[in-house]
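In: any chance you can model this:
(chains A and B)
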2 protein chains.
Amino acid sequence: MPLDFPVEYFNPTSVIVFLSFFAMSQLPTLKWGIISTGMISSWFTTDISIDRPDARANHVIAAIGSSSPEKGLAFVEKYLPHINTPLIQTYDEVYSNDDVECIYIGLPHSMHHEHVLKALNAGKNVLCEKAFCMNAREAREMFALAEKKGLFLMEAMWTRFFPVIHEIRDLLFEQKALGEIRRLIMDMSFDAKLEALSDDDRMKNPRLGAGSVLDLGVYVLTYSRLLLDSGVGNKAAKFTSTAAMKIRGGVDLLTSILVQYEETGRQAVLTCGLEVAGSQPYLRLSGTKGYIELWGFNQASPRRYRITYTDGKVVEKKFDIPGYGLYYEADAVAIDIKQGKTQNNLCPPAESLLVMDTIDSLRKQNNLVYPDFD
Amino acid sequence: MPLDFPVEYFNPTSVIVFLSFFAMSQLPTLKWGIISTGMISSWFTTDISIDRPDARANHVIAAIGSSSPEKGLAFVEKYLPHINTPLIQTYDEVYSNDDVECIYIGLPHSMHHEHVLKALNAGKNVLCEKAFCMNAREAREMFALAEKKGLFLMEAMWTRFFPVIHEIRDLLFEQKALGEIRRLIMDMSFDAKLEALSDDDRMKNPRLGAGSVLDLGVYVLTYSRLLLDSGVGNKAAKFTSTAAMKIRGGVDLLTSILVQYEETGRQAVLTCGLEVAGSQPYLRLSGTKGYIELWGFNQASPRRYRITYTDGKVVEKKFDIPGYGLYYEADAVAIDIKQGKTQNNLCPPAESLLVMDTIDSLRKQNNLVYPDFD
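Out: I've put the predicted structure just below:
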């Protein structure tokens, strides 16, 4: 049978362009309202605006909520110069903006509970930065309201969504590349130069939930969840945890955590801190067949792993990704919401509650109280 | 004034040889009785037989105590072929041998208490391998008898005597090279291939004190004592400690320890284990001005340090030493005994008791009991 269209249609590039366009047009599109114009909001908005061949969703920034029009304008000019300038509104205006489908909360964690409830009460789906909130009681209230309203609510624990993490979890739990998993040693510290900050800074003021356990502890605990247990949330295995905290002025400056899974005997030794620099690789997970190490843009954002097998074989893999990588969680949120889901499989409420309950318990062991919250 | 002796007398080599001979003849000489012909005894005897320009004592092996003449002969032929064959005797014969001034105990730790008491009761000074014994009660009995008899007794914690350690402690506590010391992260693990060992092996049998905390925990706790506290023994600052232990068949296979000094807030996160491989560098100590890392022949025997300062400057130093380095502690013992001392300044009874008391407390937290001993 003769071909009824020109041969050049078979040019592979043309086919890819055509398929990409076809795929993109099939991708779900989510319209975001961004709350706050701080650093993490700037990362999030620039990330979801990046043109990516592996995108699984389209993201539209429908509105930017800012505490002042000037801050909002400066934010848009600096971080979103190439896209159509989105509406700059007050926080409350964003919550009641009919165009907005999902609220991204990039405020300091002491404000999360209040603003998540506001957004949910306004009928919006929500992606809320970590630390998710100040304690597990707040977290339960937030998830309970989302459930009551039938809305989507997720902790923005971006680390869970990186391709490196999926690949490592597959290597660990499906391919059993390390054999039996034994122990995780991980550090997430940085020198925050606290002496140079004002007492009102969120890194220093205990009334704003200052300290390493809320800022960094959520990550090291998340890694221990991801790498020592194949179960997620309600399917998690039982573990115990203990912490030593160096507390000065009501703030935990250094926190070290021991996690132990009773049944398997797996252990995690997790350190975080605001007054010493961290190191790379920042993580070593040991099993009976070898160990895996992890490097990243920072410890939350893994980019490279290396497995050293006991027989001497070494396997290394780098992941080159544009921007910070916050778009992976954003894609997941868009897909879930467009499929009518109210929670995400990889980061369900039960998992966030497990981490918050653990932090509450570690704080209690060390008499660390957040005034106005506990 | 004309020279009244030939110029060639000024040959530098001749002067050095003369001075070395003069120095050597001035060095104290200690006559050892070696108890047991196991691996650590073979390291100790070969080490103290090495000709070293930096030796601070002369060591004579007066007798080898062995459980059988054949084992003793094989040991001497294998490890001491170049020196005059020392007397091979039973343990009891060595204790009553008038030529022997100091007993080196290289037996498994479950036998230390019994044999240290025997040696002391026979009027001998003693250097006893670590773990020093099974619990702090035994240690107190051993030191009490040494005191009563007016004899020297020291735990063979060789790590305390390495030049790298002296230099680092000087850098930390005198020169304040790292500024304020904040946190120590250290691992001492190895894969002991336990499944291949018989149930009677001292690595596997809880009645012989099997487990990581006695075998390796003594080292990581010693490092935390050396690097977080300038005080020694009775001058030690107050600290708290917590452990997570993976216990199977009465044996702790993985032990992770948190140490915290209340006053300074310094922390140590210490891991040890018998079922995963360790790594190099095996230690990172962080302060306000940078961090120091350590490499070694093994983790007990440091050979190289690197300081990475926060301003980017890197200082590295290697120590090339012959053998295993057990001669440093042997020299110290010889000097102390010849000076009529009954304890060593760097490794006094109070320091060994602090470590044993800590291990007792960590075991109690985890319900780890040594049958026949506790």
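In: quick check, A:Leu184 in contact with A:Arg284.
Out: Yes. Look at A:Leu184 against A:Arg284 with C-beta atoms under 8 Å: they come within range, at 7.4 Å. All C-beta atoms are positioned from the backbone trio N, CA, C, and that covers glycine.
In: of the two, who's got more company?
Out: Neighbour count, other C-beta atoms under 10 Å in any protein chain shown: between A:Leu184 and A:Arg284, A:Leu184 has more, with 23 against 19.
In: what sits closest to that one if chain neighbours are left out?
Out: Closest residue in space to A:Leu184, ignoring its immediate chain neighbours: A:Ala268 at 4.2 Å, by C-beta to C-beta, 6 or more residues apart in numbering or on different chains.
In: up against chain B, what does chain A have?
Out: A:182-183, A:185, A:187, A:189, A:191, A:240, A:242-244, A:246, A:248, A:253-254, A:256, A:258-260, A:265-267, A:269, A:271, A:273, A:275-277, A:279, A:284, A:286-288, A:290-291, A:310 (C-beta under 8 Å from any C-beta of the partner chain).
In: can you tell me which of those are classed as buried?
Out: Buried members of the residues of chain A next to chain B, counted by 16 or more other C-beta atoms under 10 Å in any protein chain shown: A:182-183, A:185, A:187, A:189, A:242-244, A:246, A:253-254, A:256, A:258-260, A:265-267, A:269, A:271, A:273, A:275-276, A:279, A:284, A:286-288, A:290-291, A:310.
In: show only the entries of those residues found in strands.
Out: A:182-183, A:185, A:187, A:189, A:242-244, A:246, A:253-254, A:256, A:258-260, A:267, A:269, A:271, A:273, A:284, A:286-287, A:290-291 (DSSP state E).
In: now do the buried residues in the lengthiest helix in chain A.
Out: If you go by DSSP state H, chain A has its longest helix at helix A:349-365. Residues A:349, A:351-360, A:362-363 are the ones in helix A:349-365 that count as buried (16+ other C-beta under 10 Å).
In: same deal with stretch A:139-155?
Out: In stretch A:139-155, counting by 16+ other C-beta under 10 Å, buried: A:139, A:142-143, A:145-146, A:149, A:151-155.
In: stretch A:128-141 now?
Out: Applying 16+ other C-beta under 10 Å to stretch A:128-141 flags A:128-136, A:138-139 as buried.
In: so which of those residues comes closest to A:Trp43?
Out: A:Glu129 (10.3 Å; C-beta to C-beta).
In: what about the residue of the stretch 101-250 of chain A found nearest chain B, distance to A:Leu151?
Out: Here the residue of the stretch 101-250 of chain A nearest chain B is A:Lys246; by C-beta to the nearest C-beta that distance is 3.7 Å. Distance, A:Lys246 to A:Leu151, using C-beta to C-beta, to the nearest Å: 40 Å.
In: what of A:Cys133?
Out: Counting by C-beta to C-beta - A:Cys133 and A:Leu151 are separated by 17 Å.
In: same thing with A:Phe319?
Out: For A:Phe319, the distance to A:Leu151 - C-beta to C-beta - is 33 Å.
In: A:Leu354 too?
Out: A:Leu354 is 21 Å from A:Leu151, by C-beta to C-beta.
In: could you do A:Glu263 as well?
Out: Distance from A:Glu263 to A:Leu151, by C-beta to C-beta: 36 Å.
In: one more: A:Leu178?
Out: Taken as C-beta to C-beta, the span from A:Leu178 to A:Leu151 is 39 Å.
In: quick one: average confidence on the one helix or strand A:Glu138 maps to?
Out: Using DSSP states H and E, A:Glu138 maps to helix A:136-149. In this model, helix A:136-149 has a mean pLDDT of 98.
In: now do stretch A:220-227
Out: 98.
In: convert the C-alpha atoms of that stretch to PDB, please.
Out: Extracted C-alpha coordinates of stretch A:220-227, given in PDB (Å, rounded to 0.1, in the frame of the first residue of the first chain):
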ATOM      1  CA  VAL A 220      15.300  14.000  58.600                       C
ATOM      2  CA  LEU A 221      12.300  12.200  60.000                       C
ATOM      3  CA  THR A 222      10.800  12.100  56.500                       C
ATOM      4  CA  TYR A 223      13.900  10.500  55.200                       C
ATOM      5  CA  SER A 224      13.700   7.900  57.900                       C
ATOM      6  CA  ARG A 225      10.100   7.200  57.000                       C
ATOM      7  CA  LEU A 226      11.000   7.000  53.300                       C
ATOM      8  CA  LEU A 227      14.100   4.700  53.600                       C
END
